[in-house]
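# Model the following, please.
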Amino acid sequence: MDGAQWLAACHAQPEKVFAQWEQAPHLARLPAGRRFDALRVHQPLGLTVLWELGDDAGKVPVLEEHAPPRPVFYILAQPGTADGLRPPDQEDALFLGEGAELTVPSPHADGITGVQQHSFMWRVAPDGSGRLATPDALAAALELARDTDRQAARIRAARSVFYGAKHARQK
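Next up, the predicted model:
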C-alpha cells in the first residue's frame, strides 16, 4: 500500500478520494478521528514541534497549508490523540479529531500543482506504512516547543550555524 492508497482508505469511499484528486483543485476532504488525528499549528510553532520530534519528524506525515494570514502545519497523529491530549486549544495549536475534516492533496502531487490550484503541499507525505506521531511524542514535542528557554537556545544554535557557514564562505 502506498501513501495515496493509505490516505484514500481513511475515507468511507476511497474511490471518491481518487476522483477528487484527479479534478481541480486536486484536493480531497478526509475525516479525522478514524485513521488519524492531526495537530494544527502555525508554522513557527510547527517548525519547533518538528525540531523537537527529532528523527520522527521525517517519518510522520506533515501537511503544510500556505494560507493567509500565515502558513500552518498539520502533523498527523494516531487516532484518539486529540481526545487524549485535548489541552485548552490555543490560537497557535488545535487538535483535530473525531468530527473534524482535513483537506489534503494526493501524496504524489507536486509543489507546482499546489501553487497553481490550492495552498496545500506535503512537507512529509504519507508513505503507506500508517506511521503516525504518537500521543506521548507529540505532547512532549509541543510542550518543549513552547518552552521559551529552549526556543532561545535553538535560535542561538541556528544563528551559530548560519553565521559560521557564512564566515567560512568569506574566507
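# So which residues of the chain form strands?
For the chain, the strands defined by DSSP state E cover 27-31, 37-42, 62-65, 72-77, 93-96, 101-105, 120-124.
# Need the ones you listed in CSV (columns: mean pLDDT and mean neighbour count).
(C-beta placed from N, C-alpha, C; glycine too.) CSV is the format used below for the strands of the chain (pLDDT from 0 to 100; neighbours: other C-beta atoms under 10 Å):
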stretch, mean pLDDT, mean neighbour count
strand 27-31, 96, 18
strand 37-42, 93, 24
strand 62-65, 94, 21
strand 72-77, 95, 25
strand 93-96, 89, 20
strand 101-105, 95, 20
strand 120-124, 92, 19
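# Can I get these in a markdown table including distance to Thr134?
A markdown table is the format used below for the strands of the chain (distance: least, C-beta to C-beta, whole Å):
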| stretch | distance to Thr134 |
| --- | --- |
| strand 27-31 | 20 |
| strand 37-42 | 11 |
| strand 62-65 | 15 |
| strand 72-77 | 7 |
| strand 93-96 | 14 |
| strand 101-105 | 19 |
| strand 120-124 | 15 |
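# Pro135: which of these is closest?
Comparing the strands of the chain against Pro135 with C-beta to C-beta, the closest turns out to be strand 72-77 (6.6 Å).
# Helix or strand, whichever it is, which one in the chain has the lowest mean pLDDT?
helix 148-170 (a mean of 68; mean pLDDT, DSSP states H and E).
# Please tell me I have it right and Arg40 contacts Leu76.
No - between Arg40 and Leu76 there is no contact under C-beta atoms under 8 Å: 10.7 Å.
# List the contacts of Gly97.
Going by C-beta atoms under 8 Å, 6 or more residues apart in numbering, Gly97 touches Ala32, Gly33, Asp37, Pro79, Gly80, Thr81, Ala82, Asp83, Arg86.
# So how do I select the buried members of those in ChimeraX?
Here is the ChimeraX command that picks out the buried ones among the contacts of Gly97, judged by 16 or more other C-beta atoms under 10 Å:
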select :32,33,37,79,81,82
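# Make CSV from the contacts of Gly97 and add distance to Val49 to it.
Converted to CSV, those look like this (distance: C-beta to C-beta, whole Å):
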residue, distance to Val49
Ala32, 18
Gly33, 20
Asp37, 14
Pro79, 19
Gly80, 19
Thr81, 13
Ala82, 15
Asp83, 19
Arg86, 17
